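**Student:** One predicted model, sequence on top.
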Amino acid sequence: MRVEYINPFVETSYRVLKEVLGGTDVKRGDLYLKSTAMPVMGVAALVGLAGDVEGRVLFDMTMDTALNISSRMNGEKLPEFDDLAKATISELANLITAQAVTKLHELGFKFDLTPPALFVGQKMEIAALGGTSENVEALIVPLITEYGKIEVNVAIRERT
Amino acid sequence: MEAENMTAENQQVNTATEDDSQNKKESITVIDFKMVTFSLSGKDYAIDIMNVKEIAKAGRFTYVPNALPFVLGVYNLRGDIIPILDLRLFFNIQVPEHTGNKLENLLILSVGEQTFGVVVDKIDKVVGVQKSKIQPPHPLFGDINIKYIYGVVEANKRLYILLDIAKIFNSRSIEEKNRKLAKQVFAENSISSTVSQISAREPEENVAAERNDIRAAGEAETPPRNDTSVQELKFIAESLKGYRKFSVTALNENWVRSRFSTWKEERGEGNTQLQNENDADAFLKTFWSTCSGTWWTKEYADAIYKLLPDNTAKQICVWNPGCGKGQETYSLACVLNKRYPGSKIRIYAQDIDLLNVSNAPLLSVPNDIAVGWFDPFITKKANGEYTFTQQIKDSIMFEYHDCMNTNALPVIDLILARDILSLLDEKGQNAVINDFGEKIKGNGTVIIGENEIILPSAGFAAKTVGALCAYSKK
């Protein structure tokens, strides 16, 4: 992944998350690359990217984390992962991606987004296949908060 | 012939002016040396006419496998089979592209008992000079190694570089002979006696047999002759892997073996093991290629420049896995911009070190580097620091990417992967080399580390230009 793309995603996910969680402590884990089919922890919000590039951003967290975060964002205790909670997580994904894309636009890269899609379930796996039947390479940005861990999983490649 | 006429004239002049004053006499040319002149890449050279049997035009030489790179093949000269050499390749001068069945200009030389054909750009004429006017070569002559120059002489207001044919052919063949002899001696030694004689120069079969020993010593029956040595080498291979992720495989085995023998001399018997990272670094010190991971010197940049084949493509794509901090990538970008001014250069530079590669796009150039050969590609930033021009910057795309994962790349003209393959495990090496084969164009060039070898089985053929070795698809 092009190095210019990395920082906008890392920065905005950190900043937005900190903001929506009311300024709580957010720690950033070490970034790394991953290229295997990944198990999804329970809730995954996915935003597609198009334009100069092709790819997607995936926000992966456990059900508990998703519930905690949506409760915090809505200012009320949500007992179950209902429509409001789903909309909240989708919105969070949208916020982060959109701000990252705005930043990238300022740097001269043109990206378009798809509306976020949300996946909920147990024992899910995401296998994003590349052109040659191998898995695409993704940048993982782990973000650790007191409400649980979110993994931002960014896979972008240039159109060739 | 023009030259003949001229000679005759000169001789007439000689007789006519014999009675003239002493002063004038000195300026008279006595023709006692004739040479055949020709040109190589626009410059004038000459060979003693006594060595030249004839000149000819010929082409489509019969290729001889495994010959030295400057040997074009053999040619049937009225029943005599003679070897054909390309002087331009021999001297590392640019060779104009061979187009189809175009006939080459050939000088048939006889040196001692042997007859050779040499290919030159253009054969000019026969020029007569006075032997005493031939001046010794100046050490500053760049293109051709000074030891092959007999002298320089001026005739008709042109300077000719007179080549020493005997030296060119003898020295090379003697060198070759010595090298072959050395190989044999080394091979025999390692069989007969000392354990330290594991040499990089052993024949391929031995290497192949012992390769297994290094990696799987212990399980396999190792020959008693160098049992300890194989063990020690195996430990070193493991330490290198542990400390510096350096995998000893067929790729670099030759180097590791020869390094091991010098290492033993440095450290002494029984003290060869690598105890820590520092030892591993010391062992690998001579592995890294010239200017690896740093700014290229003018000499190295020029060597790469010469190595690059002509390419008229509109866009030239380059893959540079393991770009590190980017110094090498920028150097390459400058060389490519110089070499292919009419093409758009696109370099995919990748590294798995996030910090290094993230800073690469913003790299500033130290002052002492900026004034050298990089100068045409440098501008000054607002704060006074030097940086590369936008054109150079735009030609490079730095990526945080592990080349062992899927490489999403277009077809590539040039791959620069110096010293990086050895840092992958064996499976990774094979996968990446395989990927090289998939991504590279038919006429593309692959440059790997100076101490690394891609085995012929991977579908690549090596070619040597000057001190550098590059690979292209078979």
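**Tutor:** Everything's here; your move.
**Student:** domain ranges for chain B?
**Tutor:** Domains of chain B are assigned by automatic domain parsing as B:32-170, B:193-284, B:298-473.
**Student:** What average pLDDT does the second one get?
**Tutor:** The pLDDT scores in domain B:193-284 average 68.
**Student:** try stretch B:341-357
**Tutor:** Averaged across stretch B:341-357, the pLDDT comes to 88.
**Student:** Model confidence at residue B:184, what's the number?
**Tutor:** Per-residue confidence (pLDDT) for residue B:184: 45.
**Student:** which residues touch residue B:159?
**Tutor:** B:44, B:152-153 (Cβ atoms under 8 Å, 6 or more residues apart in numbering or on different chains). No exception for glycine: its C-beta is placed from N, CA and C like everyone else's.
**Student:** swap in residue B:284?
**Tutor:** Residues near residue B:284 by Cβ under 8 Å, 6+ apart: B:240, B:244, B:246.
**Student:** Just the buried residues of the contacts of residue B:159.
**Tutor:** When the contacts of residue B:159 are checked for burial by 16 or more other Cβ atoms under 10 Å in any protein chain shown, the buried set is B:44, B:152-153.
**Student:** Report whether stretch B:333-351 contacts chain A.
**Tutor:** No. Using Cβ under 8 Å from any Cβ of the partner chain, stretch B:333-351 never reaches chain A; the gap is at least 8.7 Å.
**Student:** Quick check: end-to-end length of stretch B:303-318?
**Tutor:** Length of stretch B:303-318, first residue to last, Cα to Cα, to the nearest Å: 18 Å.
**Student:** Buried ones in that stretch, by neighbour count?
**Tutor:** By neighbour count with 16+ other Cβ under 10 Å, stretch B:303-318 contains the buried residues B:303-304, B:307-309, B:311, B:316-318.
**Student:** Repeat that for stretch B:381-388.
**Tutor:** Within stretch B:381-388, the residues that qualify as buried are B:386-388, counting by 16+ other Cβ under 10 Å.
**Student:** Among the contacts of residue B:284, which are located in helices?
**Tutor:** B:240, B:244 (DSSP state H).
**Student:** Tabulate the contacts of residue B:284 (TSV), appending neighbour count and distance to residue A:34.
**Tutor:** Converted to TSV, the contacts of residue B:284 look like this (neighbours: other Cβ atoms under 10 Å in any protein chain shown; distance: Cβ to Cβ, whole Å):
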residue	neighbour count	distance to residue A:34
B:240	23	27
B:244	17	24
B:246	22	24
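**Student:** Switch the contacts of residue B:284 over to JSON lines; also include distance to chain A.
**Tutor:** Below are those laid out as JSON lines (distance: Cβ to the nearest Cβ, whole Å):
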{"residue": "B:240", "distance to chain A": "24"}
{"residue": "B:244", "distance to chain A": "20"}
{"residue": "B:246", "distance to chain A": "21"}
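**Student:** Tell me the gap between stretch B:46-54 and the middle of its chain.
**Tutor:** 29 Å (Cα atoms, centre = their mean, to the nearest Å).
**Student:** Look at that stretch and report the distance between its end residues.
**Tutor:** So stretch B:46-54: terminal residues 14 Å apart, Cα to Cα.
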